[in-house]
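# Pasting the sequence and the predicted model now:
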Amino acid sequence: MEYWKVEWHHDYTEEPTVLYSEIGADRYETRKIQRYRDGRLLKADAEHETGDIGLGEIPLGPIEDVAAQPEFSAFLISRGEFEKLWQEAQWSKRRRATRP
């Protein structure tokens, strides 16, 4: 497993500013946490996705590729740091839109 912290530098008021991801050996996200400007921490896993937060649908490449993009700062973090945030984060109460 890898644990990422990605700071997203933008001015969108409703979008998260920091994304934390647990990434499996297959390079897919297994759990995700999003931090918002107002301090909210939302979390998702394969069984708890909503319109607010969900796991990526494609495998991730190297963290260096993310860090090379000017709108992101990306760092590896420890499992312990991720787990601490996971315990603090809340499940989103918004339901995922149903697909046709």
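Done, it's in.

# how close does the nearest residue to Gly24 once chain neighbours are set aside get to Arg37?
Setting aside the residues directly before and after it, Gly24 is nearest to Thr30 in space (C-beta to C-beta, 6 or more residues apart in numbering), at 4.8 Å. Just so you know, the C-beta spots here come from the backbone N, C-alpha and C atoms, and that holds for glycine as well. Using C-beta to C-beta, to the nearest Å, Thr30 is found at 26 Å from Arg37.

# Helices of this structure, residue ranges please.
Taking DSSP state H, the helices of the chain run over residues 63-67, 79-88.

# can you tell which of those helices is closest to Pro16?
For the helices of the chain, the distance to Pro16 is smallest for helix 79-88, at 12.6 Å, taking C-beta to C-beta.

# Can I get the closest one as PDB, trimmed to CA atoms?
The C-alpha trace of helix 79-88 is given here as PDB (Å, rounded to 0.1, in the frame of the first residue of the first chain):
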ATOM      1  CA  ARG A  79      -0.100   4.700   7.100                       C
ATOM      2  CA  GLY A  80      -0.400   6.000  10.600                       C
ATOM      3  CA  GLU A  81      -1.100   9.600   9.400                       C
ATOM      4  CA  PHE A  82      -3.700   8.300   7.000                       C
ATOM      5  CA  GLU A  83      -5.400   6.100   9.600                       C
ATOM      6  CA  LYS A  84      -5.600   9.100  12.000                       C
ATOM      7  CA  LEU A  85      -7.400  11.100   9.400                       C
ATOM      8  CA  TRP A  86      -9.600   8.200   8.500                       C
ATOM      9  CA  GLN A  87     -10.800   8.000  12.100                       C
ATOM     10  CA  GLU A  88     -11.600  11.800  12.100                       C
END
